[in-house]
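A.B. asks: Sequence and predicted structure below; questions after.
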Amino acid sequence: LRSSSPGRAGTARLQARHLDGDAAGPDSVDGAGNRARDGKRLSKTRFQVPEAKRTGAFVIHVERKSRDRFELRDAQARLDEAVGLTAAIGLEVISTNIVPLSRPVPGTLIGSGKVEEIAAEVRALEPEVIIVNAQLSPVQQRNLEKAWNAKVLDRTALILEIFGERAQTREGRLQVELAHLTYQRSRLVRSWTHLERQRGGFGFLGGPGETQIETDRRLIGERLAKIRKEIEEVKRTRGLHRSARKKVPYPIVALVGYTNAGKSTLFNKLTNAEVMAKDLLFATLDPTMRGLRLPNGRRVILSDTVGFISDLPHELVAAFRATLEEVLEADVILHIRDAAHDETEAQKRDVEEVLIELGIEANDDRPIIEVLNKIDLLDPEEREGLLSHNGRKSAVAISAIDGDGVSDLLSRIERALGKSEVRFRLTLDPSDGAGLAWAHAHGRVTERKDRSNKLVLRVSADPQDAERFRHRYGKGLSVEQEGAAR
């Protein structure tokens, strides 16, 4: 088992196999860049090297006929998403197909007739990769590869490829490699005869030894154990970072949402950061944090997290738990939705299911603000209608591109954080400049009244800072409103 290169997170990267032969046609080019035809040398002739051919992919969506009647997506929408995932790793989709499935076949998932029908299309189109938008067992994947004589990737493998492409930090690469090896470990079926060969045992008497497949499994198991240990170290480090942030307590506002809902674009808009933001599924993977000052002067930490997707492989949810723990620690969660997407309601449900899996539910004490992004893509009337409702308790409509509704969103964040604040009345001596400066540094002074012999302040502070105020000022402090406990 060879160790993977650092930038590829242990995933088996897809490589475009370029055809042999001269891409320039019948002419050839010598070392100096001159073209020769029929053995004659032609000087000073320009030659353009053609772009590398992209890997062709055939995308197949398997649609179960016994679909849940509450399912919000149709077959075409799921196929379109699979096409988007395929394009996200630079594959060129040359054909698509929707295969209805009434009953799964153990050996190939789909029936033999459909397997033969697709095999004929594959022979005609000659794709290098076939994407099956479903979960395939190792045996099913191997049998389909034999029947179609091409590389087959199921939905999990495709998403793993994308994550391997996007991971930039050491933490991200570790988590992707953990997910990939967990997935790959079950795929060590006897696809090649070398896996059945035995190696001699150790010791003077030899012994039966172990087969190659056993060796590979053992090596993968050892690598998994090492990665899990390193991820535990990552979790410990993140825990230390969280503890340090609590000592200088800035509330955390976490962005969550379906992939390509515009989280990173909104993150950049609010913080002036330069996080990669493209119209691409899983354009960003590694979590990012930046400071943000709200209109009332309060500072918060804004956290951008990995996007979710329907049927997210459980290997990835488990592997990225260390990253997603940042969401668990958030004081406010912004659920970013693509308001212009046809499947926006289905995407909302998928995100809520992942949040529930992480232990976050809608009736949780922490505020979850629904944000309808991309309203710039809606009709003007619909757009204005959504913006007119921003002052209510419903979702906040915004456009992260042109900034419409962003001020309403910031105000909503302020109100959500204000529910957990402690409000109190502080009386100081007019000469107590140090006490006044401390109050401004550790709380938000919302009102000041100068009297002849005293200074009266109204201050809001987080529960942790409120305890500091009580300890410092004692009888000079009177609580007006206790914050809601999280």
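C.D. replies: Happy to help now that I have it.
A.B. asks: Check which helix or strand residue 122 maps to.
C.D. replies: Here residue 122 sits within helix 112-125, counting by DSSP states H and E.
A.B. asks: Just to check, residue 81 is in contact with residue 311?
C.D. replies: No. Counting by CB atoms under 8 Å, residue 81 stays clear of residue 311, with 9.7 Å between them. No exception for glycine: its C-beta is placed from N, CA and C like everyone else's.
A.B. asks: between these two, who's got more neighbours?
C.D. replies: Neighbour comparison, residue 81 and residue 311: the larger count goes to residue 81, with 23 against 14 (by other CB atoms under 10 Å).
A.B. asks: For burial, what's the neighbour tally of residue 268?
C.D. replies: Residue neighbour count, defined by other CB under 10 Å, stands at 18 for residue 268.
A.B. asks: pretty sure it is touching residue 290, no?
C.D. replies: No. With contact defined as CB under 8 Å, residue 268 and residue 290 do not form a contacting pair (9.3 Å).
A.B. asks: shaky segments in the stretch 101-250 of the chain?
C.D. replies: Counting by pLDDT under 70, the ranges of the stretch 101-250 of the chain that qualify are 188-212, 242, 244-249.
A.B. asks: does the residue nearest the centre of the chain sit in a helix, a strand or a coil?
C.D. replies: With the centre of the chain defined as its mean C-alpha position, the nearest residue by CA atoms, centre = their mean is residue 306, 2.5 Å away. Counting by DSSP: H, G, I helix; E, B strand; the rest coil, the backbone at residue 306 sits in coil.
A.B. asks: any idea how far it lies from residue 288?
C.D. replies: Relative to residue 288, residue 306 is positioned 10 Å away (CB to CB, to the nearest Å).
A.B. asks: ranges for the strands of the stretch 251-400 of the chain?
C.D. replies: According to DSSP state E, counting those that start in this stretch, the stretch 251-400 of the chain carries its strands in the segments 252-257, 288-293, 299-304, 332-338, 368-373, 396-397.
A.B. asks: elements contacting the third one?
C.D. replies: Here strand 299-304 is seen to pack against strand 252-257, helix 263-271, strand 288-293 when contacts are counted using 3 or more CB pairs under 8 Å, 6 or more residues apart in numbering; DSSP states H and E.
A.B. asks: Starting from the last one, tell me which strands it pairs with and how they run.
C.D. replies: Note on strand 288-293: by DSSP bridges, its sheet partners are strand 299-304 (antiparallel).
A.B. asks: before we move on, what about the first one?
C.D. replies: Each strand that strand 252-257 pairs with, and the sense of that pairing, follows from DSSP bridges: strand 299-304 (parallel), strand 332-338 (parallel).
A.B. asks: Can you mark which positions in the first one are buried?
C.D. replies: I take that to be strand 299-304. Buried residues in strand 299-304, counted by 16 or more other CB atoms under 10 Å: 300, 301, 302, 303, 304.
A.B. asks: ditto for stretch 145-161
C.D. replies: Of the residues in stretch 145-161, those buried by neighbour count under the rule 16+ other CB under 10 Å are 147-148, 150-161.
A.B. asks: Of these, just say which sits nearest to residue 444.
C.D. replies: Taking CB to CB as the measure, residue 444 sits nearest to residue 159 out of the buried residues of stretch 145-161, at 43.3 Å.
A.B. asks: gap between the nearest residue to the closest one once chain neighbours are set aside and residue 139?
C.D. replies: The spatially closest residue to residue 159, leaving aside those adjacent along the chain, is residue 313, at 6.0 Å (CB to CB, 6 or more residues apart in numbering). According to CB to CB, residue 313 and residue 139 sit 19 Å apart.
A.B. asks: now do residue 93
C.D. replies: Residue 93 sits 27 Å away from residue 139, taking CB to CB as the criterion.
A.B. asks: out of those two, which sits in the busier spot?
C.D. replies: Set residue 93 next to residue 139 and count neighbours by other CB under 10 Å: residue 93 wins out with 17 against 14.
A.B. asks: Could you say which helix or strand holds that one?
C.D. replies: Here residue 93, judged by DSSP H and E, is contained in strand 92-101.
A.B. asks: Flag every buried residue along that strand.
C.D. replies: Of all the residues in strand 92-101, those buried under the rule 16+ other CB under 10 Å are 93, 95, 96, 99, 101.
A.B. asks: want to throw those into JSON lines with distance to residue 256?
C.D. replies: Putting the buried residues of strand 92-101 into JSON lines (distance: CB to CB, whole Å) gives the following:
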{"residue": "93", "distance to residue 256": "29"}
{"residue": "95", "distance to residue 256": "35"}
{"residue": "96", "distance to residue 256": "30"}
{"residue": "99", "distance to residue 256": "33"}
{"residue": "101", "distance to residue 256": "32"}
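A.B. asks: Next, give me the two most distant ones among these.
C.D. replies: Applying CB to CB across the buried residues of strand 92-101, the maximum distance is between 93 and 101, 21.2 Å.
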